[in-house]
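> Here is my input, please return the structure:
(one chain, ligands or ions: 3)
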Amino acid sequence: MQTLEITRPDDWHIHLRDGDVLAHTVADASRYFGRVIVMPNLTPPVRNLAEATAYKHRIENALPATGHKLQPLMVLYLTDNTSPEDIAAAAASDVVFAAKLYPAGATTNSDSGVTNIENLYPIFECMEKHGLPLLVHGEVTDADIDIFDREARFIDRYLRQIVERFTTLKLVLEHITTSDSVQFVKESGNNVAATITAHHLLYNRNHMLAGGIRPHYYCLPILKRNTHQQALIAAATSGDPKFFLGTDSAPHARDKKEASCGCAGCYTAYAAMELYAEAFETAGKLDKLEAFASFYGPDFYGLPRNSDTIILQRNSWTAPEHLPLGSDTIFPLRGGEQLHWQLA
Ligand SMILES: NC(=O)N[C@@H](CC(=O)O)C(=O)O
Ligand SMILES: [Zn+2]
Ligand SMILES: [Zn+2]
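Ligands and ions are numbered 1, 2, ... in the order given. From the prediction side, this is the model:
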């Protein structure tokens, strides 16, 4: 059997949610990952160091008694009311490792997001000074902009200006989905990077919409056309340290997705490394998986790489059709279908 031993990976973008759901999301993520960047879009969101610390404790309390100790790296949710003091306190802590920009209304639980990005410039300046990375959900929210164009428009309308003005601000364009984003990140300085999900490497919009509408493939930014998928695969498997792993695993109860107006988000944490391994194998670039999953993320954040390893085996198994999510059920991405890699 083919096996692949790699340095323990980290997930630089995950939604663990809260409450009784944590038992499941934390157990799944802790199977592989040493550290996870925990997205702060709870209701209400995680707005300051006190809220981040309390949330971190809830996550730690949900860790399975045995097995690996997952380290949650917390993130502040930027709002119109975030203050320079909030940033300074967070940056001085060993709890918060980044702050996240959600344009208001862009995605799940972004109602408290930022309404005017220019108003946040003093906050970006403060983050730059304190070395706190800015994580960005990069989509414009205007109703009249086509949903497939929202990421590219965000780059032109906001990101170019931000990157030009804050030349040493560490910025991660999260869950990129277009060749425009790949190009933007490549052209920018080494302070600019991007996370790429497994589902955007494995799928394009045909998988979601051709031959029937498949709500479990619906996430934001939405799956794009095949040419964009190819650009993402090329970037992720290129060995360019500006592109690293962020699953954007985002669970929603099954009835919230299989609905007349379904939620955005795919649950991949239960098979994250299996899905990435498949994408890299299909591209003939399995040798590039370790650096993407385990080196470039900590290097960018200025953290040490993990020192132990995980082992993946090439072995076919059937993904479960449903998994518990607190008192609800979720349908995981690839549920009921074959997976080709498995954690040893
Ligand atoms: N990606 C998604 O489709 N959903 C995420 C939010 C996000 O990352 O934009 C969620 O929290 O459900
Ligand atoms: Zn997002
Ligand atoms: Zn996300």
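> only C-alpha atoms for contact and neighbour calcs from this point on.
OK.
> All the strands of this protein, residue numbers only.
3-7, 11-14, 35-38, 71-77, 96-101, 134-136, 171-173, 192-196, 243-245, 309-318, 323-325, 328-330, 338-343 (DSSP state E).
> any chance of these in TSV, with mean pLDDT and mean neighbour count too?
Shown next, in TSV, are the strands of the chain (pLDDT from 0 to 100; neighbours: other C-alpha atoms under 10 Å):
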stretch	mean pLDDT	mean neighbour count
strand 3-7	98	16
strand 11-14	99	26
strand 35-38	98	23
strand 71-77	98	24
strand 96-101	98	24
strand 134-136	98	22
strand 171-173	98	26
strand 192-196	99	25
strand 243-245	99	30
strand 309-318	98	15
strand 323-325	97	17
strand 328-330	97	17
strand 338-343	98	18
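> out of those, which comes closest to ligand 1?
strand 11-14 (7.9 Å; C-alpha to the nearest ligand atom).
> Pull the residues that contact the closest one.
33, 35-39, 174, 195, 244-250, 293, 297 (C-alpha atoms under 8 Å, 6 or more residues apart in numbering).
> what's the distance between Cys337 and Asn206?
Quick fix: residue 337 is Glu, not Cys. Counting by C-alpha to C-alpha, to the nearest Å, the gap from Glu337 to Asn206 is 18 Å.
> re earlier: give me the subset of the contacts of strand 11-14 that also touch ligand 1.
Applying C-alpha under 6 Å from any ligand atom, the subset of the contacts of strand 11-14 adjacent to ligand 1 comprises Asp248, Ala250.
> quick one: which of the strands of the chain is nearest Gln229?
Proximity to Gln229 (C-alpha to C-alpha) singles out strand 192-196 among the strands of the chain, at 10.6 Å.
> Tell me the helices and strands packed up against the closest one.
With contacts defined as 3 or more C-alpha pairs under 8 Å, 6 or more residues apart in numbering; DSSP states H and E, the packing partners of strand 192-196 are strand 171-173, helix 179-187, strand 243-245.
> From the opening residue of stretch 202-221 to its closing one, how far?
15 Å.
> Off-centre distance for that stretch?
Centre-to-centre, stretch 202-221 and its host chain are 18 Å apart (C-alpha atoms, centre = their mean, to the nearest Å).
> for stretch 168-182, same thing?
12 Å.
> which parts of the stretch 51-200 of the chain sit against ligand 1?
Thr107, Thr108.
> So, low pLDDT: which residues of the stretch 1-150 of the chain?
Within the stretch 1-150 of the chain, not a single segment meets pLDDT under 70.
> and the closest residue to Asn191 other than its chain neighbours, backbone torsions?
Of all residues not flanking Asn191 in the chain, Lys170 sits nearest, at 4.6 Å (C-alpha to C-alpha, 6 or more residues apart in numbering). Backbone geometry at Lys170, expressed as degrees, to the nearest 10, gives phi -70, psi 130.
> show me the contacts for Lys170.
By C-alpha under 8 Å, 6+ apart, the neighbours of Lys170 are Glu128, Gly131, Leu132, Pro133, Leu134, Asn191, Val192.
> What's the local residue count around the fourth one?
The number of residues packed around Pro133, counting by other C-alpha atoms under 10 Å, is 24.
> who touches it in this structure?
Contacts of Pro133 (C-alpha under 8 Å, 6+ apart): Phe97, Ala98, Ala99, Met127, Leu169, Lys170, Leu171, Val172, Tyr301.
> Could you check how far it is from ligand 1?
17 Å (C-alpha to the nearest ligand atom, to the nearest Å).
> do the same with the third one
From Leu132 over to ligand 1 the distance is 20 Å, taken as C-alpha to the nearest ligand atom.
> pretty sure that residue is touching Ser93, no?
No: at 10.8 Å, Leu132 does not count as touching Ser93 under the criterion of C-alpha atoms under 8 Å.
> So for the longest helix along the chain, what gets flagged as buried?
In the chain, assigned by DSSP state H, the helix with the most residues is helix 49-61. Neighbour-count burial for helix 49-61, counted by 16 or more other C-alpha atoms under 10 Å, picks out Leu49, Ala52, Thr53, Tyr55, Lys56, Ile59, Glu60.
> any idea which of those is the one closest to His322?
Ile59 (22.7 Å).
> Contact partners for that closest one?
Asp18, Leu22, Val26, Pro72.
> how much space between it and ligand 1?
Counting by C-alpha to the nearest ligand atom, the gap from Ile59 to ligand 1 is 16 Å.
> Quick check: that residue vs Thr53, distance?
In terms of C-alpha to C-alpha, Ile59 sits 10 Å off from Thr53.
> do the same with Phe184
Counting by C-alpha to C-alpha, the gap from Phe184 to Thr53 is 34 Å.
> who in the stretch 201-344 of the chain is up against ligand 1?
Cys219, Leu220, Asp248, Ala250, Ala264, Gly265.
> Please produce TSV containing the contacts of Lys170, extended by distance to Leu323.
Shown next, in TSV, are the contacts of Lys170 (distance: C-alpha to C-alpha, whole Å):
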residue	distance to Leu323
Glu128	41
Gly131	39
Leu132	36
Pro133	34
Leu134	33
Asn191	38
Val192	36
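> okay if I get the strands of the chain as a markdown table plus distance to Tyr270?
A markdown table is the format used below for those (distance: least, C-alpha to C-alpha, whole Å):
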| stretch | distance to Tyr270 |
| --- | --- |
| strand 3-7 | 18 |
| strand 11-14 | 12 |
| strand 35-38 | 14 |
| strand 71-77 | 17 |
| strand 96-101 | 24 |
| strand 134-136 | 24 |
| strand 171-173 | 24 |
| strand 192-196 | 17 |
| strand 243-245 | 15 |
| strand 309-318 | 12 |
| strand 323-325 | 9 |
| strand 328-330 | 11 |
| strand 338-343 | 10 |
